[in-house]
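> What would the 3D arrangement of this be:
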Amino acid sequence: MMKKSRSEHSLKVILEKSRSKSGKHAFVRLAARVNLDTNEVIEVIQPTGSSPPKTYSEGISKEVNLKYGNKEALVIVSMVKVPHPNPKRRVKGTVEVYSNGELVYKAKYVKGILRGSAGDPKYFPAVKVVFEKLQIPVKRENPNAHVPGRGN
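Numbers count the residues shown, from 1 in each chain. Predicted structure coming up:
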């Protein structure tokens with residue numbers, strides 16, 4: 001008996017935009033749907049309302065059930081700004097890519113460098129196009145950092 005292929009997948013995620021009262025700490029988690037054939041961002045999903053608890057006191061967070069199709073990937077970007085020991089207020093974060101209902105690629109962003117940490121590097125263009133859409137600066141990139149013999 002053959003399995004039916006699902007045309008749509010879903011993932012429960014808490015999206016958030018919050019900051020501390022002093023403004024020194026901040027946390028953002030956004031999601032984007034990307035078409036894998038054309039590498040175009042279909043939509044960027046931002047949090048609205050406030051239901052689950054937030055990381056910091058001010059801001060919004062929302063638990064959402066995100067749906068995406070077979071030829072689409074769901075890219076979740078989590079970024080944090082922490083001042084100590086960070087006088088330049090640098091931002092660091094992680095990126096997760098989901099396709100066909102499972103986690104297929106992970107990357108991390110530190111000091112403007114975007115590097116792969118797990119999964120198949122063929123999903124890196126989806127990450128790159130989301131960073132361009134969100135206007136997050138990338139000085140250098142290394143999608144193969146976790147692949148033995150291919151990363152620098």
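> pLDDT below threshold where in the protein?
Within the chain, the stretches with pLDDT under 70 are 1-6, 84-89, 149-152.
> Who are the contact partners of residue 27?
Neighbour list for residue 27: 16, 17, 18, 19, 55, 56, 78, 79, 80, 81 [criterion: CB atoms under 8 Å, 6 or more residues apart in numbering]. Just so you know, the C-beta spots here come from the backbone N, C-alpha and C atoms, and that holds for glycine as well.
> Go again with 10 Å.
The contact partners of residue 27, taken as CB atoms under 10 Å, 6 or more residues apart in numbering, are 16-20, 54-56, 59, 61, 78-82, 93.
> try residue 73
By CB under 10 Å, 6+ apart, the neighbours of residue 73 are 32-36, 39, 42, 97-100, 104-105, 123, 125-127, 130.
> how close does residue 37 get to residue 75?
Distance, residue 37 to residue 75, using CB to CB, to the nearest Å: 15 Å.
> more crowded one of the two?
Shown here are residue 37 and residue 75; by other CB atoms under 10 Å, residue 75 has more neighbours (29 against 8).
> Run the chain-centre distance for the helix or strand harbouring that one.
In this structure, residue 75 sits in strand 72-81 according to DSSP states H and E. Its chain's C-alpha centre and that of strand 72-81 lie 1 Å apart, by CA atoms, centre = their mean, to the nearest Å.
> cool, and stretch 24-32?
So, by CA atoms, centre = their mean, the centroid of stretch 24-32 is 10 Å from its chain's centroid.
> List the buried residues for it?
By 16 or more other CB atoms under 10 Å, the buried positions in stretch 24-32 come out as 25, 26, 27, 28, 29, 30, 31, 32.
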